[in-house]
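# please work out how this folds:
(one chain, ligands or ions: 1)
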Amino acid sequence: MTLSSIIAGSRVGPTADRYVSTSPARPDDVVAEVGLGDAGVFADACRAARRAHDAWRDVPPPVRGQVIAGAGRLVEANKERLAKIVSREVGKPYGEALGEVQEIADTCAFFLGEGRRLYGQTVPSEMPDKQLFTFRDPVGVVAVITAGNFPVAVPSWYIVPALLCGNTVVWKPAEYAAACAEAFYELFAHAGVPEGVLNVVYADGAETFRGLETALGEGLVDKVGFTGSTEVGVRIGELCGRHLQTPCLELGGKNPMVVTEDAELELAVEGALFAGFGTAGQRCTSLGTVIVHESVHEEFVRALDAATRAAKVGDPMEEGILFGPLINERFADGFEKSLGWIDPARHRVHGSGAVGRISESQPREGFVGDLGGLYYHPVIVDGVTAEDELFLNETFGPIVGVTTYRTLDEAIALANAPGYGLSSAIYTTDPKKAFTFRRGIRAGMVSVNNSTSGAEAHLPFGGNGRSGNGSRQSGIWVLDQFTRWQSMNWDYSGRLQKAQMDVLEI
Ligand code: UN1
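Model prediction:
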C-alpha cells in the first residue's frame, strides 16, 4: 500500500522523503509505504480546510451529528479489520486494539447527541426589557497532530468533536501509523464527511512544525490539538503563544500508584501489572512508579514479581498476551535510554531476571513470536528514590519503579514530585485516604482501586504541569476547545439603557 497526503479529497504527490512503515512484530512485514509531504503541503492542507469551512459551518449541527453517527456505525462494522491494522502496524495486542477501535465508536456515540444540544444559554440582564444570550461558534480550522501509540482512538477525540462543532480539520498522524490513519480517513469519508473538511498530511515532525508556523502566520489555523511528548508540546505551545492561541496539549505522564497498608494487595498487583506493562508501557497514562506503604512493600513486590514472570509477552495477535513489541526503533531507543537509568548498586531489579531485548541470549519463558521484533523484558525496579532519573521521567516502555512511604502526606508529595500531572491511582479500602489523595494529587485523573490507564471516552481527559496546559479532551468539556462563546444582548425597551449606569432603583 503506497500512501500520500489527502487534501480536499485528492492525493498529493510526495514532496519529501518516503517512509516505510513496518510491523514492530516482524520487521520484514511492510505495512505501508508513505510518500511524505513537506511544510508546503501542510500549509496547502490548511488552505483547503479554510476554503471548506464556511459550507461545513453552515450544515446544521444535528445533521453534522448524523454524519458522525454514520462514521461510528462504519467503525463498528469494520471493528475487526481496523483492529488488525492497529495490531499489525503498531504492535498493540489485538484485544487492546479492539478496545481502541471501540473508543472511536463510543466517541461518535457521545458526540452525535451533542449535535442536538450544543447548547447556548439565555441569561437575565441587569436592566429591564433586555435579554442576554450565549452561542457557541466553531473556531474554524483545527490542526490535529497525533502520536501512534493510540493511532485511531486519540485522533478521534479531536477529530470527532472538532467536526461536530463545525470546524474543518487538518490531521497529521504519526507516519509510522499511516495505514491506521488511512483506514480511519476512509471510514469517515465514506460516512459523508465532505472533501476538504478532513484532510490528512503525512509529514515528518520538522516539516510539520515549519508548515504549522506558516499556517499560523497566515491565519490559516485557529486551534492546534497535539498529543505527544512534553518536549514537542512545549515547542508547539511557544509557537501557538506567539499567535495568541491556546493549543490543546496532551503530553507525557509519570503516573503514580499509591498502595496503602490497608489495600487489597492482590487487586493492587493486578492493577500495577496492567497499568505498568499493558501496551508495553506505551500509554501516556501508563504507570510510572508504585509508591507502596513500607509495611506491605515486600509482600507487594514479591507478588508483582511473580505476576510479571507469569505474564505472557509476544506476538500481538497471540491470545492472552499482556503486551507485544515496542512501536518502532525510535521508541525502543528511548526505552533503552531509560534502562540505562537503572543503577545495579542501589536498585533491585525484578520482573523476569533480564533487562533489555528478548533474544536468543536473553530468552523469556512462554514467549511466542518473531525474535526479530522489538520485544523487551518487563522490568520492576525496586528502591528508586525521588532524585532518580527513573523516578522523575517518563519511560514509555515496560518498566515500573517502586518506592516506599510512611505517611499519606509523604506518599502524595512523592506522587507529585516529578511534576507531571496526567493520571494517578490509589489502592486503598479507606475512603478517607482515597479522598485525601484525590485532593492532594495534582493530576487530571485519579483512579481508586483501578489502573492509571483506561480512561472512558466521556470523562474529561488531560493533565497539568509537564502533562499539558490544563486543556481537557472528551465529553462535554472538549466543546470549549472547539467552539468559542459569543454573547449577545438584545434591548427591546425602546431606549438606550446603559450598563452599570442605568441600574433600576428598588
Ligand atoms: C494516550 O496514551 O495518549 O486512558 C492516551 C487510557 C487510554 C488513552 C491513553 N484510553 O489509557
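# list, one by one, the residues from the protein near the ligand.
Along the chain, the residues adjacent to the ligand under the rule CB under 6 Å from any ligand atom are 149, 150, 154, 227, 283, 284, 285, 453, 454, 455. No exception for glycine: its C-beta is placed from N, CA and C like everyone else's.
# list of residues touching stretch 328-336?
Contacts of stretch 328-336 from elsewhere in the structure, counted by CB atoms under 8 Å, 6 or more residues apart in numbering, are 22, 24, 176, 282, 326, 356, 374, 376, 395-399.
# let's see which of these end up in strands.
When the contacts of stretch 328-336 are checked against strands (DSSP state E), the matches are 22, 399.
# so can I have TSV of the contacts of stretch 328-336 showing distance to residue 429?
TSV is the format used below for the contacts of stretch 328-336 (distance: CB to CB, whole Å):
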residue	distance to residue 429
22	47
24	40
176	43
282	31
326	36
356	38
374	39
376	34
395	30
396	32
397	32
398	29
399	28
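# just the buried residues of the contacts of stretch 328-336.
Using 16 or more other CB atoms under 10 Å as the burial test, the contacts of stretch 328-336 include 22, 24, 176, 282, 326, 374, 376, 395, 396, 397, 398, 399 as buried.
# quick check, central residue of the chain?
Centroid check for the chain by CA atoms, centre = their mean gives residue 154 as the closest residue, at 4.9 Å.
# same for the helix or strand where it lies, what does it pack against?
The secondary structure element spanning residue 154 is helix 153-164 (assigned by DSSP states H and E). Contact partners of helix 153-164 among helices and strands, from 3 or more CB pairs under 8 Å, 6 or more residues apart in numbering; DSSP states H and E: helix 61-77, helix 94-114, strand 141-145, strand 168-172, helix 178-190, strand 223-227, helix 479-482.
# low pLDDT regions in the protein?
Filtered on pLDDT under 70, the chain yields no residues whatsoever.
# how about residue 103, nearest residue that isn't a chain neighbour?
Closest residue to residue 103 apart from its sequence neighbours, by CB to CB, 6 or more residues apart in numbering: residue 153 at 3.9 Å.
# mark out where each domain of the protein begins and ends.
By the assignment in the TED database, the chain contains the domains 2-119+143-252+467-485, 255-448.
# including distance to residue 132, could those domains go into a markdown table?
Below are the domains of the chain laid out as a markdown table (distance: least, CB to CB, whole Å):
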| stretch | distance to residue 132 |
| --- | --- |
| domain 2-119+143-252+467-485 | 12 |
| domain 255-448 | 32 |
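# contact partners for the closest residue to the ligand within the stretch 301-450 of the chain?
Here the stretch 301-450 of the chain gets closest to the ligand at one residue, residue 423, 7.0 Å apart by CB to the nearest ligand atom. Taking CB under 8 Å, 6+ apart as the definition of contact, the neighbours of residue 423 are 253, 255, 284-285, 443-447, 452-453, 455, 463.
# does residue 307 lie in a helix or a strand, and which?
Under the assignment given by DSSP H and E, the secondary-structure element containing residue 307 is helix 297-310.
# how about residue 287, phi and psi?
Dihedral angles of residue 287 (phi, psi; degrees, to the nearest 10) stand at phi -70, psi 130.
# wait, it sits on residue 255?
Yes: in terms of CB atoms under 8 Å, residue 287 counts as a neighbour of residue 255; the distance is 5.7 Å.
# who touches both of the two?
Common neighbours of residue 287 and residue 255 (CB under 8 Å, 6+ apart) are 275, 425, 452, 453.
# ok, the second one to residue 275 distance?
Counting by CB to CB, to the nearest Å, the gap between residue 425 and residue 275 amounts to 7 Å.
# more crowded one of those two?
residue 425 (30 against 27; other CB atoms under 10 Å).
# for residue 352, see how far away the more buried one is.
Plainly put, residue 425 is 23 Å away from residue 352 if you go by CB to CB.
# ok, residue 370 next?
With the distance defined as CB to CB, residue 370 ends up 19 Å from residue 352.
# how about residue 41?
With CB to CB as the criterion, residue 41 and residue 352 are 45 Å apart.
# skipping its backbone neighbours, what lies nearest whatever residue of the stretch 1-150 of the chain ends up closest to the ligand in space?
With CB to the nearest ligand atom as the measure, the residue in the stretch 1-150 of the chain that lies nearest the ligand is residue 150; the distance is 4.8 Å. Of all residues beyond its chain neighbours, the one nearest residue 150 is residue 100 (6.2 Å), with distances taken as CB to CB, 6+ apart.
# so that neighbour makes contact with residue 92?
Yes: Residue 100 is within contact range of residue 92, at 6.9 Å (criterion: CB under 8 Å).
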